[in-house]
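Participant: build the 3D model from these lines:
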Amino acid sequence: MIGIIKYQAGNLASVANALDRLGADYFISDNAEELEKADAIIFPGVGHAAAAMDDLRAKDLDIWLKNTRKPLLGICLGMQLLFESSEEGDCKTLGIIPGRLRKFDSTLAKVPHMGWNQFDAMKEHPLIKGIDDKQFLYYVHGYYAPTNEYTLAKCKYISDFAAVVSKNNFMGVQFHPEKSGQVGSLLLQNFLEMVKGHKQNSRQQE
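Facilitator: Here you go, the predicted structure:
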């Protein structure tokens, strides 16, 4: 069972529809006790970083997110909030992955970065299994995350940025897999397979 985090910046309907298409069981909640019952978490996001963090803090979800050991997939703003801080509203974010979100330079190209683009894998990882630099994914964002040791794949728009990240149980994608057709469905399916494996390992350890 997947728990989808409900908060001010969540893009819930399209994520839920994508999971419906994959036949995945899920529920939507903004309650940490309920989310604790899930096998894994999807952390969607569309909107303003500072406002999103205010809403998470008001519900004590920021603390829960930092401490969860469940497999977690952040999408777009959800991925960005895994980092330490953002220029958007000059705010502190969750601090799980090092780095500060920067705004694209609008004097060099249109901002936001919107439309279909690729990524270049920097590491192998089960989340991006079967996806290569020839396939296109759908991006919409005005701020970008830096590449670092936790970057699984990078994309270039004005400058290089992190397209896919992973640290321990936390994973994130800058693009919208739920709006990226078959390639996006493959990534979500990969996540569901990882969740299944994690669940089996947890049972064996009990």
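
Participant: for the residue nearest the centre of the chain, what are its contacts?
Facilitator: Against the mean C-alpha coordinate of the chain, by C-alpha atoms, centre = their mean, the closest residue is residue 74 at 1.9 Å. The contact partners of residue 74, taken as C-beta atoms under 8 Å, 6 or more residues apart in numbering, are 43, 44, 45, 80, 81, 82, 170, 171, 172, 173. (C-beta placed from N, C-alpha, C; glycine too.)

Participant: can I assume it sits in a strand?
Facilitator: Yes - according to DSSP: H, G, I helix; E, B strand; the rest coil, the state of residue 74 is that of a strand.

Participant: residue ranges with poor pLDDT in this structure?
Facilitator: 9-10, 206 (pLDDT under 70).

Participant: so which bits of the longest helix along it are buried?
Facilitator: Assignment by DSSP state H gives helix 181-205 as the longest helix of the chain. With burial defined by 16 or more other C-beta atoms under 10 Å, the residues of helix 181-205 counted as buried are 183, 184, 186, 187, 188, 190, 191, 192, 194, 195, 198.

Participant: in TSV: these, plus distance to residue 148.
Facilitator: Written out in TSV, the entries for the buried residues of helix 181-205 read as follows (distance: C-beta to C-beta, whole Å):
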residue	distance to residue 148
183	24
184	24
186	25
187	21
188	25
190	22
191	22
192	27
194	22
195	25
198	24
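
Participant: skipping adjacent residues, who's closest to the residue nearest to the centre of the chain in space?
Facilitator: Using C-beta to C-beta, 6 or more residues apart in numbering and skipping residues adjacent in sequence, the residue nearest residue 74 is residue 172, 3.7 Å away.

Participant: return the member of the contacts of residue 74 nearest to residue 54.
Facilitator: Lowest distance from residue 54 to the contacts of residue 74 (C-beta to C-beta) belongs to residue 81, with 11.6 Å.

Participant: tell me if I'm right that that closest one and residue 43 touch.
Facilitator: Yes - using C-beta atoms under 8 Å, residue 81 makes contact with residue 43 at a distance of 7.5 Å.

Participant: circling back: okay, and which of the contacts of residue 74 map to strands?
Facilitator: 43, 170, 171, 172, 173 (DSSP state E).

Participant: and the top strand by length along the chain, what's buried?
Facilitator: For the chain, the longest strand by residue count, based on DSSP E, is strand 159-167. The neighbour-count check on strand 159-167 (16+ other C-beta under 10 Å) flags 161, 162, 163, 164, 165, 166 as buried.
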